[in-house]
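Peer 1: Generate coordinates for the sequence data below:
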Amino acid sequence: MNVLEAIATRRSIRKFTDEAVSEEKINTMLKAAMAAPSAGNEQPWQFVVIDDKAQLEKTAKLSPYIGMAAKAPLSIMVLGDRSVEKYPGNWMLDCSAAIQNLLLAAHSEGLGAVWCGLWPEENRVEAARILVKAPESTVPLAVIVLGYPDQDLKAQNRFDTSRIHKNIW
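Peer 2: Residues are numbered from 1 along each chain as shown. Predicted coordinates for the structure are as follows:
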């Protein structure tokens with residue numbers, strides 16, 4: 001699938017089969033995530049791959065919007081690492097670019113995924129940091145819940161010319 005097709009057809013998938021995701025596919029997604037642009041090439045991302053059933057069940061309790069993690073075979077927590085920041089505050093932008101790459105890579109590998117935000121909700125951020133035993137210098141941004149889709153969502157055309165302005169508003 002080419003990149004434009006991947007962008008146009010990727011959907012947020014919240015229902016998954018029980019089939020495990022191979023280490024090869026996990027590494028493919030993480031390589032894609034780490035190929036994202038970042039401010040000053042600081043690459044402030046850290047990733048926690050969660051495939052243990054008990055840990056997935058705990059992950060599902062981090063937010064009312066991550067419940068599907070309990071039934072998924074895999075989640076990847078994306079954290080910003082402030083200890084490597086050259087340009088403070090850009091970690092969120094950089095990690096978001098990495099997440100988008102990860103989502104597109106998952107789709108191209110036949111996987112479904114959904115981006116579940118943690119940041120800026122301080123209670124969710126702290127609970128996530130504690131759950132994965134991450135250092136204080138990190139900020140859990142999101143959990144990406146992944147697996148083989150157990151639902152078929154059709155592509156949507158979201159192009160809206162009313163959102164486009166040229167030269168001035």
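Peer 1: Quick check: phi and psi at the nearest residue to Leu93 once chain neighbours are set aside.
Peer 2: In this structure, Leu93 finds its nearest non-sequential neighbour in Ala39, 7.0 Å apart by CB to CB, 6 or more residues apart in numbering. No exception for glycine: its C-beta is placed from N, CA and C like everyone else's. Main-chain torsions, Ala39, degrees, to the nearest 10: phi -60, psi 120.
Peer 1: Would you check how far apart Ala39 and Lys166 are?
Peer 2: Ala39 sits 27 Å away from Lys166, taking CB to CB, to the nearest Å as the criterion.
Peer 1: Can you give me every residue that contacts Gln156?
Peer 2: Residues in contact with Gln156 (CB atoms under 8 Å, 6 or more residues apart in numbering) are Arg11.
Peer 1: and it, what helix or strand is that in?
Peer 2: Under the criterion DSSP states H and E, no helix or strand holds Gln156.
Peer 1: Surely the residue nearest to Leu93 touches Met92?
Peer 2: No. Using CB atoms under 8 Å, Ala39 makes no contact with Met92, being 10.5 Å away.
Peer 1: After the lengthiest helix in the chain, heading C-terminal, what element do we hit next?
Peer 2: Looking across the chain with DSSP state H, the single longest helix is helix 91-108. As assigned by DSSP H and E, the chain's next helix or strand after helix 91-108 is strand 112-117.
Peer 1: Need the contact partners of the helix or strand just after that following strand.
Peer 2: Next helix or strand after strand 112-117 toward the C-terminus (DSSP H and E): helix 122-131. The contact list for helix 122-131 (CB under 8 Å, 6+ apart) reads 55, 58-59, 62-63, 77, 79, 118-119, 134, 136, 138-140, 143.
Peer 1: Check stretch 39-59 too.
Peer 2: Contacts with stretch 39-59, where a contact means CB under 8 Å, 6+ apart, come from 20-21, 26, 30, 33-34, 36, 38, 66, 69-70, 72-82, 84-87, 90-91, 93-95, 98, 131-132, 134, 138, 143.
Peer 1: Can you say which of those are buried?
Peer 2: Among the contacts of stretch 39-59, those scoring as buried are 21, 26, 30, 33, 36, 38, 66, 69, 72-81, 85, 90-91, 93-95, 98, 131-132, 134, 138, 143 (criterion: 16 or more other CB atoms under 10 Å).
Peer 1: Could you pull up the mean pLDDT of stretch 143-151?
Peer 2: Average pLDDT, stretch 143-151: 97.
Peer 1: Buried residues of it, list them for me.
Peer 2: Val143, Ile144, Val145, Leu146, Gly147, Tyr148, Pro149.
Peer 1: Looking at those residues, which are in strands?
Peer 2: Residues of the buried residues of stretch 143-151 located in strands (DSSP state E): Val143, Ile144, Val145, Leu146, Gly147.
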